[in-house]
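> here is a sequence together with a model predicted from it:
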2 protein chains.
Amino acid sequence: MHESTVVFRQEKKTSKVSLGNDILDAANQAGIDISAVCGGRGLCGKCRVIVTEGKENLEHTSYLETLSLSDEELRRGYRLACCVPVVQSGTVAVDVPPESRLQQQRLLVAGIQTDVPPNPAVRKYQVRLTRPSLANPSSDAEILLDALMSQTGIRSSRIGHHALAQLPAAIREGDWIVTVTVREGDEVICVEPGNNAARIYGLAVDIGSTKVAAYLIDLSAGKTVATASATNPQIPFGEDIISRISYVSKSDRNLKKLQGVIAACINKLLDDACRAAGVSFTEVCDVVVVGNTAMHHIFFGITPQFVALSPYPPVIRWPINARSKDVGLRINPGAYVYSPPIIAGFVGADATADVLATEISSLESPAMMIDIGTNTEIAVSDGHRLISCSCASGPAFEGGHIEQGMRAEPGAIEKVYVNPDDLEPGYKTVEDAPPRGICGSGVVDAIASMLKCGIIRGDGGIETTLNTPRIQKTANSVQYVLAWKEETPMGHAVAITQHDIQEIQLAKAAIFSGATVLMAHLELKASDIEKVFLAGAFGTYVDPQSALMIGMYPDIPLDRVQFAGNSAGSGARMTLLSRDMREKAEEISRRIEYVELAADPSFEQEFMKALYFPHKELDRFPTVDQLLAKRGR
Amino acid sequence: MHESTVVFRQEKKTSKVSLGNDILDAANQAGIDISAVCGGRGLCGKCRVIVTEGKENLEHTSYLETLSLSDEELRRGYRLACCVPVVQSGTVAVDVPPESRLQQQRLLVAGIQTDVPPNPAVRKYQVRLTRPSLANPSSDAEILLDALMSQTGIRSSRIGHHALAQLPAAIREGDWIVTVTVREGDEVICVEPGNNAARIYGLAVDIGSTKVAAYLIDLSAGKTVATASATNPQIPFGEDIISRISYVSKSDRNLKKLQGVIAACINKLLDDACRAAGVSFTEVCDVVVVGNTAMHHIFFGITPQFVALSPYPPVIRWPINARSKDVGLRINPGAYVYSPPIIAGFVGADATADVLATEISSLESPAMMIDIGTNTEIAVSDGHRLISCSCASGPAFEGGHIEQGMRAEPGAIEKVYVNPDDLEPGYKTVEDAPPRGICGSGVVDAIASMLKCGIIRGDGGIETTLNTPRIQKTANSVQYVLAWKEETPMGHAVAITQHDIQEIQLAKAAIFSGATVLMAHLELKASDIEKVFLAGAFGTYVDPQSALMIGMYPDIPLDRVQFAGNSAGSGARMTLLSRDMREKAEEISRRIEYVELAADPSFEQEFMKALYFPHKELDRFPTVDQLLAKRGR
């Protein structure tokens, strides 16, 4: 028998492979999409797997693997799937960590799933009413609330204006049976004739500066029934937050305009989601919106003008309950729109949702959440205290301010490796389209590989003395060519320039020093952190090893790193689904401390040292130091 | 010395008159406008005064006076001003009761004045804010509420959506001094830059089926600064309540239309009042609206469709607090509109306001309030229990269904007397214009006089055997001519027809039997009632003696009858001015019992007997019986 069985436990899939084939072959055979940019040559180091059983049936660790994996990882059973031939019959069990799964990562954009038992803020009840008589000519409202109390135990004392207007017709049309929608166990927001109690939906919306995502949720079943997303239509009025704030600060009309376009966008997503799921607008009885402070304020028609000016005060931090009419959403006219509390001018309701979804505030051991974007929000818990900050990481990780930078759209180089022998690169583009530019994760990957191969020095400079045509001096700068102009549809090359590297240095230094300041406040070392959640679109696509290699976050073993995807969207869904989660979000906002980095004396010092790759003090990055040392750097 | 001094104590005016002149002369000299339709011939009996001092200086009671005044009144010092010459030098003190003052009655349309210490639902406070710092970057909202609490003691927890949107700009424009409008000591509804705390106004509105009256009130001073009124613009969609209900019941669009026209009407009155008083819309921070149930429901956008159908249930009885935006009022956008509670389908918020303004619920002795209109609301208190009903009195008292009927506009005959000797009439028209028709109070006056002279029998029939050209047989009927066609600008006569008399019989019987049923419920006799308030436009203009003569209300001495004018408007102003009054109104609505006359077995019986003038059982009207007896009827 020259076969062996490879079991992928998480996927519940099994491959039979002939001896001599490797784990990557087994994965391909089982239809599991493992990242392998170099084509399985052991160069890119991205096809990391964890062998949990049957090590004895595999080839011993190769030299190439030792270059890509840290000693700690090797001890824990990490291997590169392309470098491990099966050499003996038997069974091998393998786990594929999330960072190695291309497919999985994409799905994760939906955000981590946290099981929340439904306890929505709005509920529907069917009630049977008593007809009035000449002897007892009670008002419709009294009859309704009496029946509600006797049949459901709910002592509601308020009927919303819209529900009141619906009441008399609904009662007669339903022949004295109606369905009542009650908000927070108190206010009646809708009255429908007959029994429609099973049809109750809500919409969770994450308003990102770039992307708006909406999730239509069946509030009785607790299930997402449709999702929809769109580019934020405010982009033409300002690419980034600051320019959008500047636009709305010019006039009240501009504020109204941006409020109007975002409301229209959400209405469109609502329309799409409702059509897809066969739900009517009036069945959507609740909305949760999260966003950074500027997006949040603009959506609620509040100017974020002063958020942009020191000391960056938001207008309101508490949760908001606005009427859907007041913000222009076309859902049930009696419904409200909820936003979880925000934390500070640059730590918005999205960050609160991140903390809620990642549950770092509930963990007993230290944990960190990093939601990477133009502003990166970081939260750290030591199991007791919870602390947060915002770093101006800039647009580089989203492809902005990068010479050939672009969003993660088809043709964007998203994975890069460089062969240390000949300094030739390999890459993978989004949807494998011809390379048109490079996205944030691609830049990070490229810089990490270039560091490993010595093309970039610790101070960020490109080593011009190396013998490769890929390194070119241009009029004002130096660059490393990833794709020759012949490979691209535009007729010019895609390269990483010295300036691109500087942008990444600034961005990663901001994040690293933010995280460091927070850890210092809690007297935590990197090794104390048991869990790191990388959130946001970039945080989901970036190769965590590459991110570590460039020193974006403290040196924490990769198996403690988890992709949280759009955890802001997850948090929004959780608060939509459960009042307990709203309470938890509000508790988080009360508990969480905020550190204004601009006012923290240690921040600038940390920042200066963090401009180096991975850091000026290499002893703070033992894992990276070790990997570089193995490669002789 | 051939002069005497006549002191009008209430007016603080004094006349010196030669002996031989009468009190009417003295009043004219002092500029006091006493009603004297017959021109001072002792015939109409309307110039009633009460002599409180110096009786000995006056001529003894004349025969004419005994015909117009009851024995009880004579005992109390009542005289007819035109029949009392001063015969001896000295001082005479005279009170002019309200029913004798034409001028006073007109003014009373504004409603009785009840002194209410201002305690409005909305208040403004100037607060000085602490600037945020990098070390303490609080949100604008936190800074505001902290300052509000420390500087005013108000623990507000809510900032309205509109106020929130105003907040950041107001803070900076006011250089960290703002004026905060707080509603019910809780919700912040408006934030203005700087100090504007003294400028706070409210609007009280009485939506009558026919007329809409608005009072602009300075809420800090507690003063009415402007008033405005208009014809209800819903009239073209239905003259009376039932036809308007029928119109709105046809479609939701019709309801929206009638809501829209009444809101537009109030906005116009607001505009007029604000211009007159130099107040801006945004300084109007509160509105109270009262109206009958149909007007109330339509204004709030709630269909009154089922109010018209047995058992006549209103949609809501509790007080309403709607946002001004939701009902289309152009006041401060953060403000609310309050309505006191309603009592039943046909006893609306106007009746609650009537009870509040007349204070019958607070009196220790039995009292009655009659708000006369197409529907007449009656409330009776025995000092402990409070009870109410509504009677379908029809439009006759407003000139409707009367052959030559018209509203109390210029040219309407409003006062009538008939000379018992020659059966010739005298009359007074509104603004003394040539007679164009007759208004409700004129019809009642005419019928009362015709009764006294025997032109009308107790069963309501016109006595055709009398020798006067004024009594004419027409094709189908009989009539008594008040003004020959030569006297009128239209070229046809103004007469009281047999049919007109029947309309008044139905109307007055409804009111009388409603009052009787309520008194029976409380085991009260007419003589127990210490105070009767006549409210509404008709109730203000009608001659109370004439109303008593025809048996409109139980036989109660005239000095216990008080004109309450537009007491619904007064009640609206009181609840606008004071939260205590809102509480009181709500207490009234909880306490007050409602009697559905349609379901009361004694009502029909009472009604049949009350069709007679003044009543089938004359012993229930001893005063009237006596007066008729004196005249030999």
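Nice, I can see it.
> per the record, what domains does chain A have?
A:3-101, A:122-193, A:201-349 (automatic domain parsing).
> can I get these in a markdown table including mean neighbour count and mean pLDDT?
C-beta coordinates here come from the backbone N, C-alpha and C atoms, glycine included. Shown next, in a markdown table, are the domains of chain A (neighbours: other CB atoms under 10 Å in any protein chain shown; pLDDT from 0 to 100):
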| stretch | mean neighbour count | mean pLDDT |
| --- | --- | --- |
| domain A:3-101 | 19 | 88 |
| domain A:122-193 | 19 | 95 |
| domain A:201-349 | 21 | 95 |
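> could those domains be laid out in a markdown table, adding distance to B:C274?
Listed next are these as a markdown table, based on distance: least, CB to CB, whole Å:
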| stretch | distance to B:C274 |
| --- | --- |
| domain A:3-101 | 65 |
| domain A:122-193 | 25 |
| domain A:201-349 | 23 |
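> so which of these gets nearest A:Y480?
Among these, domain A:3-101 comes nearest to A:Y480, with 16.2 Å by CB to CB.
> dump the domains of chain A into TSV; add distance to chain B as well.
Shown next, in TSV, are the domains of chain A (distance: least, CB to the nearest CB, whole Å):
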stretch	distance to chain B
domain A:3-101	36
domain A:122-193	4
domain A:201-349	4
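> for those, which one sits closest to A:S449?
The closest of the domains of chain A to A:S449 is domain A:3-101. By CB to CB, the value is 7.6 Å.
> ends of the closest one, how far apart?
The straight-line separation of the ends of domain A:3-101 (CA to CA, to the nearest Å) is 25 Å.
> which residue is the nearest non-sequential neighbour of A:G383?
Leaving aside its chain neighbours, A:G383 sits nearest to A:E364 (4.8 Å; criterion: CB to CB, 6 or more residues apart in numbering or on different chains).
> what's around that neighbour, how many residues?
Using other CB atoms under 10 Å in any protein chain shown, the number of residues around A:E364 comes to 10.
> identify whichever of the domains of chain A lies nearest to B:A392.
domain A:122-193 (15.0 Å).
> just how off-centre is that closest one within its chain?
Relative to the chain's own centre, domain A:122-193 is displaced by 42 Å; criterion: CA atoms, centre = their mean, to the nearest Å.
> measure it end to end?
Termini of domain A:122-193 sit 18 Å apart (CA to CA).
> also stretch A:415-425?
OK, stretch A:415-425 end separation, CA to CA: 10 Å.
> tell me the confidence at A:E463?
According to the prediction, A:E463 has pLDDT 94.
> check contacts around it.
With contact set as CB atoms under 8 Å, 6 or more residues apart in numbering or on different chains, A:E463 has these partners: A:G454, A:I455, A:I456, A:R457, A:I471.
> against chain B, how distant is it?
Using CB to the nearest CB, to the nearest Å, one gets 41 Å for the distance from A:E463 to chain B.
> on that earlier part again, among the contacts of A:E463, which two are most distant?
A:R457 and A:I471 (12.5 Å).
> which of the two has more neighbours?
More neighbours surround A:I471 than the other of A:R457 and A:I471, with 19 against 14 (other CB under 10 Å).
> nearest residue to that one other than its sequence neighbours?
Excluding the flanking residues, the one nearest A:I471 by CB to CB, 6+ apart is A:Y480, at 5.5 Å.
> give me the distance between the one you found and chain B.
Distance check for A:Y480 against chain B: by CB to the nearest CB, it reads 40 Å.
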